[in-house]
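Asks: show me the folded form of this:
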Amino acid sequence: MKKLFLSMCIACVAFAMSSCRSTKEVASLSSINGEWNIIEINGTDVVTAKGQSLPFIGFDTTTGKVYGNSGCNRMMGSFDVNAKAGSLDLDKIGSTRMMCPDMTLEQNVLGALAQVKGYKKMGKGHIALCNDAKRPVLILAKKAADVQLSALKGSWLIAEVNGEAVPSTMETKPFIEFNLKEKSIHGNAGCNIINGGFKTDDSNARAISFPALATTMMACPDMDTESKILKAMNEVVSFDTLAGGGMGLYDANGTLVLVLTKK
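Replies: Numbers count the residues shown, from 1 in each chain. Prediction:
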């Protein structure tokens, strides 16, 4: 009987240590800011296929945006930044709908994310995302930046806007030139000159935005492409290298709005 009681006590202690109940482990919202690799799902280590990157999730605790990749598709959504510390509801996450050879990992990631109701700090700097029973369903490890701001240095042609190729007939080719030292850009949207600065975020290596762009005010025969480019630039919140080469600029929903190629 004593052995049974001792076994039950050990089990209870183990449960308490692995759960998200302990108030000592409740983390502040800022502690989840940035990008995280998903390294464990429901107690099982994530194993990727050859050539496949770990799924990841990113939190912007200023805007309440959440984004990432579930193993095949891009994820995007939002969360309540005013929720009680330790609480996190990810039921507003959507994703693109590409098909990949093996969708098992993606299905496991999305299934676990749908259960998330909270978070807590773990050892080794990890974060646990927990279900409504306070049990960890996902373990996150801080994501090392695989793209650096330095990758943007120099001049880039704007090749696509919102999935459409920039017309080859344009007399002036739209471009952006990044001056990393001065955190400024210079370019042309197809008719008018662009000047301004850009902002980054130390907690997210991919973050970039153009909050104060200025342009000249000339009128040209076809302003449609220029209008689309300027609108897209105002929506940009992140960048990343593209598999086929070049650089992609993305909006808050993870949508690719501009494709850049080296000038």
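Asks: what separates residue 137 from residue 20, distance-wise?
Replies: 10 Å (C-beta to C-beta, to the nearest Å). In short, each C-beta sits where N, CA and C put it, glycine included.
Asks: shared neighbours, these two?
Replies: Applying C-beta atoms under 8 Å, 6 or more residues apart in numbering, one finds that residue 137 and residue 20 are jointly contacted by residue 130.
Asks: what secondary structure does residue 30 sit in?
Replies: helix (DSSP: H, G, I helix; E, B strand; the rest coil).
Asks: tell me the SS of residue 111?
Replies: helix.
Asks: ok, it to residue 71 distance?
Replies: Distance, residue 111 to residue 71, by C-beta to C-beta: 12 Å.
Asks: try residue 248
Replies: 19 Å.
Asks: can you pick out the residue with more neighbours from these two?
Replies: When residue 248 is set against residue 71 and neighbours are counted by other C-beta atoms under 10 Å, the residue ahead is residue 71, at 25 against 18.
Asks: hey, where'd the strands end up in the stretch 51-200 of the chain?
Replies: Using DSSP state E, counting those that start in this stretch, the strands of the stretch 51-200 of the chain run over 56-60, 65-69, 74-78, 94-95, 118-121, 127-130, 136-142, 154-161, 164-165, 175-179, 184-188, 193-197, 199-201.
Asks: wait, residue 237 sits on residue 254?
Replies: No: contact criterion C-beta atoms under 8 Å: residue 237 and residue 254 do not qualify, at 9.2 Å.
Asks: spit out the contact partners of residue 67.
Replies: By C-beta under 8 Å, 6+ apart, the contact list for residue 67 reads 57, 58, 60, 74, 75, 76, 77, 238, 252, 253, 254.
Asks: and it, bridged to which residues?
Replies: residue 58, residue 76 (DSSP bridges).
Asks: with adjacent residues omitted, what lies nearest to residue 138?
Replies: Closest residue to residue 138 apart from its sequence neighbours, by C-beta to C-beta, 6 or more residues apart in numbering: residue 129 at 4.2 Å.
Asks: what does residue 61 give?
Replies: Nearest-residue entry for residue 61: residue 33, 4.4 Å, with adjacent residues in sequence omitted and distances by C-beta to C-beta, 6+ apart.
Asks: what's the local residue count around the one you found?
Replies: For residue 33, the neighbour count with other C-beta under 10 Å is 16.
Asks: that one and residue 59 touch, don't they?
Replies: Yes: applying C-beta under 8 Å, one finds residue 33 in contact with residue 59, separated by 5.6 Å.
Asks: one step back: between the contacts of residue 67, which is closest to residue 217?
Replies: Relative to residue 217, the closest of the contacts of residue 67 is residue 252; by C-beta to C-beta it sits at 28.2 Å.
Asks: got a list of what that closest one touches?
Replies: Contacts here follow C-beta under 8 Å, 6+ apart; on that basis residue 252 touches 63, 65, 67, 76, 235, 237.
Asks: from those, which two are the most distant?
Replies: 67 and 235 (13.7 Å).
Asks: where does the stretch 101-250 of the chain dip in pLDDT?
Replies: 145, 243-244 (pLDDT under 70).
Asks: so what pairs up with residue 258 in the strands?
Replies: Under the criterion used (DSSP bridges), residue 258 bridges to residue 161, residue 249.
Asks: tally of neighbours for it?
Replies: 25.
Asks: tell me the contacts of it?
Replies: Contact analysis of residue 258 by C-beta under 8 Å, 6+ apart lists 158, 160, 161, 229, 232, 233, 236, 248, 249.
Asks: my guess is residue 38 contacts residue 143. True?
Replies: No: taking C-beta under 8 Å as the definition, residue 38 is not a contact partner of residue 143, at 9.5 Å.
Asks: what is in contact with the two at once?
Replies: residue 56.
Asks: so between these two, which is more surrounded?
Replies: residue 38 (25 against 20).
Asks: please name the nearest non-neighbouring residue to that one.
Replies: residue 55 (4.5 Å).
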